[in-house]
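# Prediction below, plus the sequence it came from.
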Amino acid sequence: MDKNEKVNELARRRGFLWPAFELYGGAAGFYDYGPLGAPLKRRIEDIWRQFFVISEGFAEIEAPTIGVEGIFQASGHLSGFSDPLTGCKECKEIYRADHLIKHIVEVPDALSNEEIYKCIQENEIGCPECGGELSEVYEFNLMFKTMIGPGNKMAGYLRPETAQGMFINFPRLLRHFRDSLPFAAVQIGKSFRNEISPRQGVIRLREFTQAEAEIFIDPRDKTHPRFDEVKDIKMKFYSQAAQERGEPEEMTFGEAVGRGVIAHQTLAYYIARTYQFLLAVGVAPDKMRFRQHKSDEMAHYAADCWDAEVFLDRLGWIEIVGVADRTDYDLKAHTAQSKVNLSVFVNFDEPIKRQKLVVKPDFKALGPRFKGKAKAVGEALKALGPEELKGDKIRVMVDGETIEIESSLVSCESVEEEVRGEEIVPHVIEPSFGIDRILYTVLDHSYYEDAVDGETRAVLRFHPAVAPIEVAVLPLMDREELVFPAKKIQEELRGLGLRVDYDTSGSIGRRYRRNDEIGTPYEVTVDYETLEQGTVTIRDRDSMLQIRVPLGQVADKLQALLCKALKFEEAGTMVGPAKEE
RNA sequence: GCGGCUGUAGUCCAGCGGUUAUGACAUGGGCUUCCCAAGCCCGUAACCCGGGUUCGAAUCCCGGCAGCCGCACCA
């Protein structure tokens, strides 16, 4: 069994990840988070909130998971996400139908599936592999489609990313942030993609959780006020150039921006924050790198894009986070689709005075002469520059027709106006996290095996901040005199909000192993000395060392240990290794 | 979607046409002043689903579903 299998098996057996719908035969690409997986996920999300909501002052929102058609027309998911496919009836090979007629039709995208199929038949196009007959053209859309309300009037789609929820709320978010840049909104939630063949467990799901931030900034200033805080952090950068050499390059974020490896400070800052977040949840630093998208894999609108990649045994380097400068692409796309202006009015430092030519067509004369066209003629006149307005006759083009107008019918004057600012479409910096992949990475990178007395011990070395169980309270034996004080400790710890497990089954050693396997950082054991001396032992998962602590101090010491305010060896009196007793 | 391999308790596996379906680990109960998966006793627990062949199917055949590996896909 390789490590990947061991981790998957442990995750299933211990209640982290379960294949969904097992009772009914299952469905690929869906997973349940079990009793330990759900809290692990929740705690990872909470740390993300700490980084990207609380620390940055971003706004968390929650938009519907179903979206209406317009959103995905604007985002490009409706056309870009949906491919016409055809298959060879002989060899069963699948092809993009539109690609097969590229040399015949200039814009195959404009054709319906029926038209593409007709074109294939008329031109007697066969299978490129074996020459066999091709099947009818069918649509495969990666978005799940549904109907909103009765009848088939309104189509709905399960969102393929959470990002659009932030973009389409731009006007209200802007108002919430009192009409000024920069600001940002985030969402943690489910997204859906009807993958053709999802595999590799939780790495490619049909329903998955994303945490995305959309940071709206002024495109003219991409520096970041907190960049100093991260500029000295070192990181492995796998830039476009480094990829050509085949070797990532280690440098500080300051250097990376200075040398133009990363496009600008703001992007670099959020890459650095991403790095800190991944470390905080337990991704191993030596199995992590940031890889820049190559120019051909970058979306055409993106100015720069970096993926956080982690190394997983058997799967290799896997993308878990993308940090992109999406420029003004999304807001402009939604403006075009919705006809709503999505820009910010930004004041100049100083109001600017400038001369402006005001053209006033004489509509009293133009109206009767041009009737219905009068408005269009007037608009055309207003758009003219000073040069074109000179002379006795003024020429304008309206609907492809040249029209001559006497200059007496147009008055124009130069006015001084004061301009206080300008309309700006913000650029968007987007860190986008795949929570399920991160959770799997945390499992994989936390998994260790030691040998104890020739036996293999499996341990999940979770950071205390993500551990689904923080403390296990264990009476040495299942006897009333030990059970009673143990239950009191459990109650006290739960009262403080700690995630506590209580277990009396089997031998003490077995319970330690069980807790090692689910990553419980500390165990409190009540033994006969507790009754005589009023102390209990606390065991450290990673070192398997134990200390004795007076009953009254257990809660305080545990809390300090869990937030790493106290070193284990200094938290109590060391107990000799159990073997020597 | 295509091709190859696979599917038996929670886990790993035996059984390869007729068995009360083997075993280990895990798990529940009991005994044992038991600190790193100790021991003893007793229990719970499975043939992926649906068809077919056969007197009889976990076993053979077909289809579905799921997993793994390749191919394709991965906005």
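Here it is on my side, so go on.

# rest of the way, CA atoms for contacts and neighbours
OK.

# In chain A, spot the strand with the most residues.
In chain A, assigned by DSSP state E, the strand with the most residues is strand A:344-361.

# Mind listing what's buried along it?
Within strand A:344-361, the residues that count as buried by 16 or more other Cα atoms under 10 Å are A:Val344, A:Val346, A:Leu357, A:Val359, A:Pro361.

# what's the distance between the fourth one and A:Ser407?
Plainly put, A:Val359 is 11 Å away from A:Ser407 if you go by Cα to Cα, to the nearest Å.

# what does A:Asp46 give?
Per Cα to Cα, A:Asp46 is found 69 Å from A:Ser407.

# What of A:Thr456?
A:Thr456 is 96 Å from A:Ser407, where distance means Cα to Cα.

# okay, the two: which has more neighbours?
Just comparing A:Thr456 and A:Ser407: by other Cα atoms under 10 Å the higher neighbour count belongs to A:Ser407, 16 against 11.

# Moving C-terminal from the host helix or strand of A:Ala268, which element do we reach first?
Using DSSP states H and E, A:Ala268 falls within helix A:265-281. Stepping forward along the backbone from helix A:265-281, the first helix or strand reached (DSSP H and E) is strand A:288-292.

# Let's test this: mean pLDDT of that following strand, rounded?
Here strand A:288-292 scores 93 as its mean pLDDT.

# What lies in contact with stretch A:490-499?
Stretch A:490-499 is contacted from outside by A:Pro468, A:Ile469, A:Glu470, A:Val471, A:Val473, A:Val500, A:Asp501, A:Tyr502, A:Ala555, using Cα atoms under 8 Å, 6 or more residues apart in numbering.

# Between the residues you listed, identify the one with the most neighbours.
A:Val471 (28 neighbours).

# elements contacting the longest strand of chain A?
helix A:374-382, strand A:410-424 (3 or more Cα pairs under 8 Å, 6 or more residues apart in numbering; DSSP states H and E).

# Would you list the strands that that strand pairs with, along with their directions?
Strand A:344-361 has the following sheet partners, assigned by DSSP bridges: strand A:410-424 (antiparallel).

# and the next helix-or-strand element following the strand it pairs with, is it in reach of RNA strand B?
Reading on from strand A:410-424 to the C-terminus, the next helix or strand found by DSSP H and E is strand A:427-434. No: Strand A:427-434 stays clear of RNA strand B (Cα under 7 Å from any atom of the strand), getting no nearer than 11.2 Å.

# Repeat that for stretch A:120-136.
No: figure legend: stretch A:120-136 not in contact with RNA strand B (Cα under 7 Å from any atom of the strand); closest approach 11.3 Å.

# buried stuff in that stretch?
Result for stretch A:120-136 [16+ other Cα under 10 Å]: buried residues A:Ile120, A:Ile125, A:Gly126, A:Cys127, A:Gly132, A:Glu133, A:Leu134, A:Ser135, A:Glu136.

# do stretch A:282-294 as well
Neighbour-count burial for stretch A:282-294 flags A:Gly282, A:Val283, A:Ala284, A:Met288, A:Arg289, A:Phe290, A:Arg291, A:Gln292, A:His293, A:Lys294 (criterion: 16+ other Cα under 10 Å).

# Would you quantify the distance from the residue located most distally from the centre of chain A to A:Glu404?
Most distant from the centre of chain A: A:Asp392, at 62.2 Å, with distances by Cα atoms, centre = their mean. The gap separating A:Asp392 from A:Glu404 is 10 Å, by Cα to Cα.

# ditto for A:Ala263
Note on A:Ala263: its distance to A:Glu404, by Cα to Cα, is 51 Å.

# Can you pick out the residue with more neighbours from those two?
Neighbour count, other Cα under 10 Å: between A:Ala263 and A:Glu404, A:Ala263 has more, with 17 against 12.

# what helix or strand is that one on?
Under the criterion DSSP H and E, no helix or strand holds A:Ala263.

# quick one: the strands in the stretch 451-581 of chain A?
Assigned by DSSP state E, counting those that start in this stretch, the stretch 451-581 of chain A shows strands spanning A:455-460, A:471-475, A:500-502, A:522-526, A:535-540, A:546-550, A:573-575.

# Good, wrapping up.
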